[in-house]
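Student: need coordinates for the below:
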Amino acid sequence: MLRSMRFSRSRSKLRNGNKATTPTENDCRGICQIQWELRPGGMLVQKRESNLSSSEEGFITITVSTVSHSHQISIESTSTFGELKIILSLVTSFEPREQRLLFKGKERADDEYLHMVGVRDKDKVLLLEDPAIKEKKMLGLSDPKSFHLCFTN
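Tutor: Okay, here's the model as predicted:
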């Protein structure tokens, strides 16, 4: 079990040029506690302040561009690219297995976390259709179960 560490902050007056200032109530009333959180990658980090902007509290809005359209998607920053594909399957005609997502010029795996590769609020992600599946669709072989080989002697 992890315990929060305590440290003291002096409540004495601080000199700021000729002006004397005292610590505010935001200075933890003399004693602060460090709170910890476990990130999805397993890293233990200091918990963020609760008064952060909405984009830092968890949800980000990203632009996902296809060849002909772009979509504004609001998603948790700790989501995976696989989870993003599921959301995109609801707004596009592509199933998750048909999608290829690129961020910063690299195709991203389904198990990669958005925040771990640097996706931030208002970033852009490129959505492409898997070329192999696109070719199968063009040949009429989109459903592998419907394709049967028949051999005769």
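Student: do a quick rundown of the helices in this structure.
Tutor: Here the chain has its helices, by DSSP state H, at 54-57, 81-91, 131-139.
Student: these into TSV, with extra columns for mean pLDDT and distance to P40?
Tutor: Glycine gets a C-beta too; all of them are placed from N, C-alpha and C. Compiled in TSV, the helices of the chain are given as follows (pLDDT from 0 to 100; distance: least, C-beta to C-beta, whole Å):
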stretch	mean pLDDT	distance to P40
helix 54-57	48	16
helix 81-91	94	11
helix 131-139	80	29
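Student: among those helices, which is the most enclosed?
Tutor: Comparing the helices of the chain by mean neighbour count (mean count of other C-beta atoms under 10 Å), helix 81-91 comes out on top with a mean of 17.
Student: using CSV, write down the CA coordinates of that one.
Tutor: Output in CSV follows, covering the C-alpha atoms of helix 81-91 (Å, rounded to 0.1, in the frame of the first residue of the first chain):
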residue,chain,number,x,y,z
PHE,A,81,-6.3,3.3,-30.9
GLY,A,82,-8.4,0.1,-30.9
GLU,A,83,-11.1,1.9,-28.9
LEU,A,84,-10.9,4.8,-31.3
LYS,A,85,-11.5,2.4,-34.2
ILE,A,86,-14.6,1.2,-32.5
ILE,A,87,-15.9,4.7,-32.2
LEU,A,88,-15.0,5.4,-35.8
SER,A,89,-16.8,2.4,-37.0
LEU,A,90,-20.0,4.0,-35.7
VAL,A,91,-19.5,7.2,-37.8
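Student: domains for the protein, by residue range?
Tutor: Split into domains by automatic domain parsing, the chain comes to 6-46, 55-130.
Student: could you say which of those domains is packed most deeply?
Tutor: Mean neighbours per residue, mean count of other C-beta under 10 Å, is largest over those for domain 55-130, with a mean of 15.
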